[in-house]
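Asker: Provide a 3D model corresponding to the input given below.
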Amino acid sequence: MQPLEAGDPRTIGAYRLLGRLGAGGMGRVYLGRSAGGRTVAVKVVHPQFAADPEFRARFRREVTAARRVGGEWTAPVLDADPEAEVPWVATGYVAGPSLDRAVAAQGALPEGSVRAIGEGLARALVAVHALGLVHRDVKPSNVMLTLEGPGPRLIDFGIARATAGTASLTSTGVSVGSPGYMAPEQIIGKEVTGAADVFSLGAVLAFAASGRPPFTGDHSAALLYKVVHEPPELDGVAPGELRDLIEACLAKAPADRPAPAAIAAALDGALRTPGWLPAPLVEEASRAAVALLNLDSEVVAGAEGYGPYGPPGCPASVHHAGTRTGGGGGSARAGAEPGGGVDGDRGPGRRRRVSCTVVVSVAAALVALSGGLYGLGLLPGTGGGDGHHPLPTGSKPSAPASASTTTPSPSPSTGPQGTRDTVPKELLGTWKGTTTTNLGAPGRFEITIKGGKTGEVVARDKSVIPLFDTDCGGDWKLASATDRSLVLDTAGGPNPAPGICSDGSADERFTLNPNGTLHYRSGDRAAGNPEGDLTRSP
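Answerer: Below is the predicted model:
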């Protein structure tokens with residue numbers, strides 16, 4: 001995301017603008033916030049369209065229709081003003097990378113991911129077409145991969161259709177649709193129906209599966225010629241049912257293409273498969289969400305007293321979580337670049353920083369808004385690749401500035417008795433229980449402790465998050481021991497899913513209570529210092 005320029009407005013309608021997400025042939029897109037705190041993408045059309053009465057009439061009709069689409073599979077239209085001096089439309093902001101940026105960063109996606117994206121987009125088109133609408137511009141940059149909701153989102157309604165056929169469109173040379181993803185009938189000027197969106201969907205899936213579009217050319221004229229007259233290039237798509245479906249979508253004749261409902265039925269269940277979004281893209285979506293929180297924190301800092309990054313005590317990996325975007329984005333097809341530089345010393349009166357436990361919990365908090373990992377019983381209490389904890393669910397603290405620096409309460413258990421270099425037999429076995437972070441977020445925790453010496457792996461926790469197909473569980477090494485306590489080290493080794501799993505801690509303490517339960521206290525601040533009593537499993 002780019003900062004606002006001198007000529008950019010600071011407010012549009014009821015929305016305060018935070019920055020510029022991008023610009024295209026038909027308008028500019030800004031990131032904004034309502035007075036109630038909702039983050040939106042505000043698209044403002046170019047002035048030449050505003051002067052066209054035909055455009056205004058179309059814009060008004062299309063916005064009215066787009067409002068009815070809803071937000072399950074799309075970025076919903078929340079507000080608009082077709083009568084403004086320069087018409088604008090506000091949609092829900094989708095935090096996450098667009099498909100084109102995801103493929104540019106990660107390469108071709110696994111077949112399971114492509115099938116899931118296809119199911120989500122097909123269901124989006126079912127909803128759109130049921131209202132008598134045609135999207136007209138289904139392409140990778142209009143497909144957002146997000147942790148929110150049931151699957152990918154199809155964005156960018158309201159302007160492309162409104163500009164179709166206007167005098168302004170002809171005079172400026174702007175075309176509706178994107179070369180390489182437009183249906184043949186769009187290119188040659190025939191009637192455009194929902195079948196055109198199906199053709200575009202096939203091209204999008206071919207791109208996701210192979211890493212390149214099915215039609216290429218040195219210039220637009222050559223590219224458009226291939227779309228109309230030549231077969232698609234699908235060598236990069238593995239033979240099988242998915243390729244057959246893509247080929248059917250890319251049929252030249254609209255009547256030969258499958259209906260969106262048939263596509264959704266053919267791919268049914270793909271979105272329910274754990275891990276449909278690969279871990280690197282889950283991380284990217286998490287980074288986009290963290291960057292959004294950082295930006296929002298900066299905007300409200302004057303009123304709330306907080307800046308964009310964690311407290312001075314946050315580990316560096318948390319402190320800079322919002323800056324390693326790698327091309328994340330939001331619901332603007334120009335592709336936002338969230339994040340920014342590290343918040344430096346502001347001198348006397350500088351703003352305090354947001355609690356690191358709040359910052360690193362955004363990915364889980366986003367999902368919690370749509371039902372919640374914890375509410376679905378999918379979020380364990382702790383764990384990690386090599387003992388990394390899943391990040392906390394982000395319950396709001398009553399005092400954010402001090403939440404991350406809160407020291408866990410002293411253990412009520414009996415004190416150490418005799419130093420040793422092996423695990424005491426009283427602590428062997430599998431222990432389960434409920435833990436609570438320093439922000440009050442509950443979770444479930446299970447760990448199996450076995451015999452061993454200092455420096456050896458003596459434990460492993462169970463911590464699989466089915467929603468992301470991510471296993472944060474790992475090995476825990478013995479750092480020190482007494483007759484009734486252990487200190488385990490989980491900080492070694494790579495993090496299997498940054499943004500979901502924390503980086504671990506060298507101070508994971510287990511102490512036997514007088515009643516036979518085991519008190520657990522974690523030193524992992526990024527995970528919210530989970531703490532609780534565990535019971536031995538039979």
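
Asker: From here on, just use CA atoms for contacts and neighbour counts.
Answerer: Will do.

Asker: Can you give the domain ranges for the protein?
Answerer: Taking automatic domain parsing as the criterion, the chain consists of the domains 11-272, 279-363, 400-536.

Asker: Lowest average pLDDT across those?
Answerer: Note on the domains of the chain: lowest mean pLDDT is at domain 279-363, with a mean of 40.

Asker: about what we covered before: same list, the domains of the chain, but as TSV with distance to residue 5 please.
Answerer: Formatted as TSV, the domains of the chain follow (distance: least, C-alpha to C-alpha, whole Å):
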stretch	distance to residue 5
domain 11-272	8
domain 279-363	15
domain 400-536	32
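
Asker: Next, format those domains as CSV and append mean neighbour count.
Answerer: Output for the domains of the chain, formatted as CSV (neighbours: other C-alpha atoms under 10 Å):
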stretch, mean neighbour count
domain 11-272, 20
domain 279-363, 21
domain 400-536, 21
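
Asker: Tell me how far the nearest residue to residue 88 once chain neighbours are set aside lies from residue 450.
Answerer: Counting by C-alpha to C-alpha, 6 or more residues apart in numbering, the nearest residue to residue 88 once its immediate chain neighbours are dropped is residue 44, at 4.4 Å. Going from residue 44 to residue 450 by C-alpha to C-alpha, to the nearest Å gives 62 Å.

Asker: do residue 457 as well
Answerer: 9 Å.

Asker: How about residue 281?
Answerer: 35 Å.

Asker: now residue 472
Answerer: Distance from residue 472 to residue 450, by C-alpha to C-alpha: 19 Å.

Asker: Need phi/psi at the residue nearest to residue 144 when sequence neighbours are not counted.
Answerer: Of all residues not flanking residue 144 in the chain, residue 98 sits nearest, at 4.3 Å (C-alpha to C-alpha, 6+ apart). With angles defined as degrees, to the nearest 10, residue 98 sits at phi -80, psi 160.

Asker: Ok, the one 5 residues further on next?
Answerer: Summarising the backbone geometry of residue 103 under the convention degrees, to the nearest 10, its torsions are phi -70, psi -40.

Asker: surely it meets residue 109?
Answerer: Yes: if you go by C-alpha atoms under 8 Å, residue 103 and residue 109 touch, sitting 7.0 Å apart.

Asker: Find residues that contact each of the two.
Answerer: 208, 211 (C-alpha atoms under 8 Å, 6 or more residues apart in numbering).

Asker: For residue 200, see how far away the residue nearest to residue 144 is.
Answerer: From residue 98 to residue 200 the distance is 16 Å (C-alpha to C-alpha).

Asker: which ones are touching residue 252?
Answerer: For residue 252, the contacting residues are 183, 184, 228, by C-alpha under 8 Å, 6+ apart.

Asker: Let me fix that, I meant to ask about residue 522.
Answerer: 505, 507, 508, 509, 529, 530, 531 are the contacts of residue 522 under C-alpha under 8 Å, 6+ apart.

Asker: and it, what are its bridge partners?
Answerer: residue 508 (DSSP bridges).

Asker: quick one: it and residue 259, what's the gap?
Answerer: 53 Å.

Asker: Please apply the same query to residue 67.
Answerer: 23 Å.

Asker: swap in residue 455?
Answerer: 60 Å.

Asker: same deal with residue 199?
Answerer: Residue 199 is 10 Å from residue 259, by C-alpha to C-alpha.

Asker: Could you do residue 527 as well?
Answerer: 46 Å.

Asker: before we move on, what about residue 113?
Answerer: 21 Å.

Asker: Then residue 445?
Answerer: Distance, residue 445 to residue 259, by C-alpha to C-alpha: 46 Å.

Asker: Shouldn't residue 20 be within a strand?
Answerer: Yes: counting by DSSP: H, G, I helix; E, B strand; the rest coil, residue 20 is part of a strand.

Asker: residues touching it, list them.
Answerer: 1, 2, 3, 4, 28, 29, 30, 31.

Asker: which one is the second one nearest to, not counting chain neighbours?
Answerer: Yep, that's residue 2 we're talking about. Of all residues not flanking residue 2 in the chain, residue 20 sits nearest, at 5.1 Å (C-alpha to C-alpha, 6+ apart).
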